[in-house]
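Student: how would this look folded up:
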Amino acid sequence: MKELPTILVVEDDPDTQSILRQQLTSNDLETIFKGDGFAALAWLEENRPDLILLDLMLPDMDGFEVCRKIREKYLPSALPIIMLSALGGDPKMRIRGLEAGANDFVAKPHEAAELVARIRNLLHLRNEADQADSNLSNYMASALRMQARVDPGVLGRREFRHAVVLFADLRGFSHLVSRTTPDEMLRVLDEFFEEMMATIDDHGGTALDLTGDELLATFNIPYDLPNPGYRAAQCAIHMQWLFRGLQHKWARAGLTVGLGIGLHQGEVVLGNIGSSQLMRYTVMGDVVNFTHRLVEIAKDGEIVTSQQIYDAVCAAHNGLRATARPNVQLKGMRERHTVYQLKIANVLEPLPLAPTA
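Tutor: You can find the predicted model right below:
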């Protein structure tokens, strides 16, 4: 008989424990519950689950600290961690969780089908990592390793740097996972990330992270690019163009899912974040947070950009057109902003390469 995956749930609320037990066990996932961080860490000294669900607000140490201590022993590919929190909709909290070593971050209250789908996705990636060095996280790491061969010190530096940040997020993912089998859902994610990450690489970008159904990429990092904003806009347009092909393919199988993209540029903090046992090469700062706000308002098929991208890219290149959306209220921000939606309807062939000067 095949052994069921074991999920360690670190959660102090009895009602939430009861809900999670029912949701997970009904989906063939074995559960172990611990009510605080110290108890969880003590249990991990003698045992190893397949995945950890970690509450952020715990009675002793918080979830960030528990996650950091776990990462002193286990890499994300070896022991995936999903953080659960009522603050999960706040990009700053999500970034803190990723910096602490979490693989994913789910907001409470959660949808059971989506949570189970994210668990199965991470279990699938972990199993792939055990079997071969060709999974998505290794694909990203290999791109950075290639740059490190040219500049051995690149991954060790921490610096302020101008960058273009791109977030791509699937639309209708929760609805999708509630109507598909795990194999179908994982196939969609595999095809999505494979296409998108290859396109980012083709345009000179660097895919830094993926969380669930969301992808983070940067341009002008870790090396200088000519006209990074234009390249990022090209990339976003081609991502949407290629995604339409995926949509048509999935639609024939009765699957409906969309893609929204956000673009912004400015100064970011770049470097390795973490402990001596685990480092994450990533970007942080207001530019990253603002870009995430843009992708949140991007509907299926849309590329929403900031004023800075419009000024630097659309106004300077006749091949790009955008429609202004004035007086937009972005989540969590007091000031209203004018944002722009790149037009992609008439893009049938690759745009010309960005000039080098």
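Student: From now on I want contacts and neighbour counts done on CA atoms only, so please keep to that.
Tutor: Will do.
Student: which residue ranges form the strands in the stretch 201-350 of the chain?
Tutor: 206-211, 214-219, 258-274, 279-284, 303-305, 322-329, 336-342 (DSSP state E, counting those that start in this stretch).
Student: ok, now the stretch 51-200 of the chain?
Tutor: Assigned by DSSP E, counting those that start in this stretch, the strands in the stretch 51-200 of the chain fall at 51-55, 81-85, 104-107, 159-171.
Student: got a markdown table for those, with mean pLDDT, mean neighbour count and distance to residue 210 too?
Tutor: Listed next are the strands of the stretch 51-200 of the chain as a markdown table, based on pLDDT from 0 to 100; neighbours: other C-alpha atoms under 10 Å; distance: least, C-alpha to C-alpha, whole Å:
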| stretch | mean pLDDT | mean neighbour count | distance to residue 210 |
| --- | --- | --- | --- |
| strand 51-55 | 94 | 25 | 17 |
| strand 81-85 | 90 | 25 | 13 |
| strand 104-107 | 87 | 22 | 9 |
| strand 159-171 | 92 | 23 | 9 |
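Student: Mind checking these for the one nearest to residue 338?
Tutor: Of all the strands of the stretch 51-200 of the chain, it is strand 159-171 that lies closest to residue 338, at 17.9 Å by C-alpha to C-alpha.
Student: Outline the domain layout of this protein.
Tutor: In terms of domains, the chain is parsed into 6-131, 145-342 (source: automatic domain parsing).
Student: nearest residue to residue 55 other than its sequence neighbours?
Tutor: Closest residue to residue 55 apart from its sequence neighbours, by C-alpha to C-alpha, 6 or more residues apart in numbering: residue 84 at 4.8 Å.
Student: and that neighbour, what does it touch?
Tutor: Neighbouring residues of residue 84 by C-alpha atoms under 8 Å, 6 or more residues apart in numbering: 53, 54, 55, 56, 105, 106, 107, 108.
Student: Tell me the one among those residues nearest to residue 254.
Tutor: Nearest to residue 254 among those: residue 106, at 26.4 Å, using C-alpha to C-alpha.
Student: By mean pLDDT, flag the weakest helix or strand of this structure.
Tutor: For the chain, counting by mean pLDDT, DSSP states H and E, helix 136-150 ranks last in confidence among helices and strands (a mean of 47).
Student: related to what we said a few turns ago, now tell me which of the strands of the stretch 201-350 of the chain the model trusts least on average.
Tutor: Lowest mean pLDDT within these: strand 279-284, a mean of 78.
Student: Direction included, what does it pair against?
Tutor: Strand pairing for strand 279-284, determined by DSSP bridges: strand 258-274 (antiparallel).
Student: where are the low-confidence patches of the stretch 51-200 of the chain?
Tutor: Within the stretch 51-200 of the chain, the stretches with pLDDT under 70 are 88-89, 128-157.
Student: just to revisit the earlier point, switch the strands of the stretch 201-350 of the chain over to CSV; also include distance to residue 4 and mean neighbour count.
Tutor: Output for the strands of the stretch 201-350 of the chain, formatted as CSV (distance: least, C-alpha to C-alpha, whole Å; neighbours: other C-alpha atoms under 10 Å):
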stretch, distance to residue 4, mean neighbour count
strand 206-211, 24, 22
strand 214-219, 28, 23
strand 258-274, 32, 22
strand 279-284, 30, 20
strand 303-305, 41, 28
strand 322-329, 46, 13
strand 336-342, 46, 18
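Student: Out of those strands, which gets nearest to residue 70?
Tutor: strand 258-274 (11.9 Å).
Student: now that closest one and strand 336-342, what's the angle there?
Tutor: Angle, strand 258-274 to strand 336-342, by axes from the mean of the first three to the mean of the last three C-alpha atoms, to 10 degrees: 110 degrees.
Student: the longest helix in the protein is where?
Tutor: Across the chain, the longest stretch assigned as helix under DSSP state H is helix 228-252.
Student: Check the offset of it from the chain's centre.
Tutor: 17 Å (C-alpha atoms, centre = their mean, to the nearest Å).
Student: just to revisit the earlier point, got the strands of the stretch 51-200 of the chain as CSV, with distance to residue 264 columns?
Tutor: Listed next are the strands of the stretch 51-200 of the chain as CSV, based on distance: least, C-alpha to C-alpha, whole Å:
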stretch, distance to residue 264
strand 51-55, 31
strand 81-85, 27
strand 104-107, 23
strand 159-171, 6
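Student: Tell me which of these lies nearest to residue 311.
Tutor: strand 159-171 (13.3 Å).
Student: The closest one packs against which elements?
Tutor: strand 214-219, helix 228-252, strand 258-274, helix 286-297 (3 or more C-alpha pairs under 8 Å, 6 or more residues apart in numbering; DSSP states H and E).
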